[in-house]
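1. I need the structure of the sequence given here:
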Amino acid sequence: MGKGGAISESVLKKVLLSYAYVAIWIFLSFSVIVYNKFILDQKMYNWPFPISLTMIHMAFCSSIAYLLVSVFKVVEPVSMSRELYFKSVVPIGALYSLSLWFSNSAYIYLSVSFIQMLKALMPVAVYSIGVSLKKEKFKSDTMANMISISLGVAVAAYGEAKFNSKGVSLQLLAVAFEATRLVMIQILLNSKGISLNPITSLYYVAPCCLVFLSVPWLIMEYPLLRDNSSFHLDFVIFGTNSFCAFALNLAVFLLVGKTSALTMNVAGVVKDWLLIAFSWSVIKDTVTPINLFGYGLAFLGVAYYNHSKLQALKAAEGLKKAQQADEEAGRLLEEREEGNERKIDNQN
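-> Numbering: from 1, shown residues only. Next up is the predicted model:
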């Protein structure tokens, strides 16, 4: 096969691998969401203990991450002082524990489809918090886009057949805490040159989550579990559920590492539509036309936001390449001038 054919095969292989990473991430994310709903929903498995479920996930992920980092040395740990750990990682762990706690709690009160619609507010929360903490520049067109997303979600909420104010409040709190966590990662870690992949993130952050969650667990859920004589831990259900949660972190690592964070955002939109369709057709959740219209508006806003981010990334890459080209040209010019000077010296 000719050179052009070889290049075509290489490009095709890369494209197929990218689609494979996207498919794996969508499948695992889909599985974790539906599995958590199955466990927590009163009409299904009926185990309404979201803090306990989150702690089981964190205990499982902490154990596997510890084995991979400290025992089998599959992943290198990050060089981190105790001071940096307590000032940077611990606050992020606290925010992550709150995000997971409230997000899982929302499954008790809301449908899968409506939760995905509310999650469309994530770019709004991240941008708003980024602007307030001076990590993002305020732009009127971006803010207008954020308002359009918010209006779309508001319309979807207005059309929700089984609207539950407690569930909505929990999910909005989960979005707010998760958005704050993402911004704080940029401020507390990335700005200091520290980058954590999903395994090292779990290695450092998951134990913090366990500690923070143990306080509300002792107050809110432990007394109920202690007094419930019929309670028993189904190791098959909770083991496979925890494994899916850990595998999802690996899938994030593959997807972002082999493609980009923007690809994950776009794939997330596809996943949301699939979950809405699944929620309506299989779980038999009620999805109204107003729901779909509102989420459609929000979807367009999120799609435009992702497109704007992509254009900004391309512009930044173009500027970086231009700067590198200028530096290379300057270096070549200096070498040429030095060569000319040497020739003149030799002639003299």
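
2. can you give me phi and psi for Phe72?
-> phi -90, psi -10 (degrees, to the nearest 10).

3. can you tell me how far it sits from Met184?
-> 30 Å (Cβ to Cβ, to the nearest Å). Every residue, glycine included, has its C-beta placed from N, CA and C.

4. More neighbours: these two, which one.
-> It is Met184, of Phe72 and Met184, that has more neighbours when counted by other Cβ atoms under 10 Å, with 20 against 9.

5. Quick one: residues contacting the nearest residue to Leu133 once chain neighbours are set aside.
-> Distances taken as Cβ to Cβ, 6 or more residues apart in numbering put Val183 closest to Leu133, at 6.0 Å, once the chain neighbours are dropped. Residues near Val183 by Cβ atoms under 8 Å, 6 or more residues apart in numbering: Val126, Ile129, Gly130, Leu133, Lys135.

6. and of those, the nearest to Phe278?
-> Val126 (26.2 Å; Cβ to Cβ).

7. Arg181 is in contact with that closest one, correct?
-> No - judged on Cβ atoms under 8 Å, Val126 makes no contact with Arg181 at a distance of 9.8 Å.

8. How far does stretch 251-271 stretch from one end to the other?
-> Its first and final residues considered, stretch 251-271 spans 14 Å by Cα to Cα, to the nearest Å.

9. List the buried residues for it?
-> Residues of stretch 251-271 classed as buried by neighbour count (16 or more other Cβ atoms under 10 Å): 251-256, 259, 263-268, 271.

10. could I get those residues as TSV with distance to Leu173 and pLDDT?
-> Converted to TSV, those look like this (distance: Cβ to Cβ, whole Å; pLDDT from 0 to 100):
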residue	distance to Leu173	pLDDT
Ala251	26	87
Val252	23	82
Phe253	27	72
Leu254	30	77
Leu255	27	80
Val256	26	72
Thr259	31	75
Thr263	28	77
Met264	23	78
Asn265	22	76
Val266	26	76
Ala267	25	83
Gly268	20	85
Lys271	22	90
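
11. Phe102: which of these is nearest?
-> Nearest to Phe102 among the buried residues of stretch 251-271: Gly268, at 19.1 Å, using Cβ to Cβ.

12. where does His232 land in three-state SS?
-> coil (DSSP: H, G, I helix; E, B strand; the rest coil).

13. I'd like to know how many residues surround it.
-> His232 has 7 neighbouring residues, counting by other Cβ under 10 Å.

14. Okay, now the unreliable bits of the stretch 101-250 of the chain?
-> Applying pLDDT under 70 to the stretch 101-250 of the chain flags residues 229-231.

15. Can you give the contact residues for stretch 221-232?
-> Under the contact criterion Cβ under 8 Å, 6+ apart, stretch 221-232 has outside partners Phe49, Ile51, Ser52.

16. Leu313: which element?
-> Leu313 belongs to helix 289-347 when elements are defined using DSSP states H and E.

17. average model confidence for that helix?
-> The predicted model assigns helix 289-347 a mean pLDDT of 79.

18. Ok, stretch 37-53 next?
-> On average, stretch 37-53 scores 92.

19. now do the same end-to-end measure for that stretch.
-> Its start and end residues considered, stretch 37-53 measures 11 Å (Cα to Cα).

20. Name the residues of it that are buried.
-> For stretch 37-53, burial by neighbour count (16+ other Cβ under 10 Å) applies to Lys37, Phe38, Ile39, Leu40, Asp41, Trp47, Pro48, Phe49, Pro50, Ile51, Ser52, Leu53.

21. Tell me which two in those residues are the farthest apart.
-> Maximum distance among the buried residues of stretch 37-53 (Cβ to Cβ): 17.6 Å, for Phe38 and Ile51.
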